[in-house]
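In: Sequence and computational prediction follow.
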Amino acid sequence: MKKTRAFSRLPNVSGVHFEGFEDVTIESRSVVKKDIEDFIKYCKKDAKGTATRVILGEWGEGKTEAYYRFIVPLVKKQNDYAFFVSASTLANCYNDEKTIKLLRTTTLTALRFLVAIFKGIRDETKDKKIKELIP
């Protein structure tokens, strides 16, 4: 029977960073990182209004991790905001009694979607100021 050599040190407790770790990079994530940085630059310099970016992927591909470990630090460093709303949270917003009552006040699809988005932002955020801004 063959045995592997015992590890010489434990992995970093914070896990593998979005881009990789130490001398190891995850090439596909480098492309995503550049796309995100370009989008944030666009939002700050060229966007004429609110801009939204949707990150799509299968379960476990790193969407949430990309947000919390890359996007949030980058945006906070620039004193800006980014908001996370998962697909399941957004779907659940349409089942909330207060939200349903508000949705019934309009037939405009875009407005109904914005109501759900703001509800999702409020449900997902840990920022008390944002929770106070969105009733």
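Out: Sure thing, it's come through.
In: could you measure residue 54 against residue 112, distance?
Out: Relative to residue 112, residue 54 is positioned 18 Å away (Cβ to Cβ, to the nearest Å). Placement of C-beta: from N, CA and C, glycine included.
In: Residue 84 now?
Out: Remark: distance between residue 84 and residue 112 (Cβ to Cβ) = 21 Å.
In: Tell me the helix or strand right after the helix or strand containing residue 31.
Out: Using DSSP states H and E, residue 31 sits in helix 27-45. Per DSSP H and E, helix 27-45 leads on to helix 63-66 as the next helix or strand towards the C-terminus.
In: Show me which parts of that next one are buried, residue by residue.
Out: 63, 66 (16 or more other Cβ atoms under 10 Å).
In: Please name every helix or strand in contact with it.
Out: If contacts are counted by 3 or more Cβ pairs under 8 Å, 6 or more residues apart in numbering; DSSP states H and E, helix 63-66 sits against helix 27-45.
In: which other helices and strands contact the helix it packs on?
Out: Against helix 27-45 (3+ Cβ pairs under 8 Å, 6+ apart) you get helix 63-66, helix 72-77.
In: Distance of the nearest residue to residue 75 once chain neighbours are set aside relative to residue 98?
Out: Using Cβ to Cβ, 6 or more residues apart in numbering and skipping the chain neighbours, the partner closest in space to residue 75 is residue 82 (4.4 Å). Between residue 82 and residue 98 the computed distance is 25 Å (Cβ to Cβ).
In: Which one of the two is surrounded by more residues?
Out: Neighbours per residue, other Cβ atoms under 10 Å: of residue 82 and residue 98, the larger number sits with residue 82, 14 against 11.
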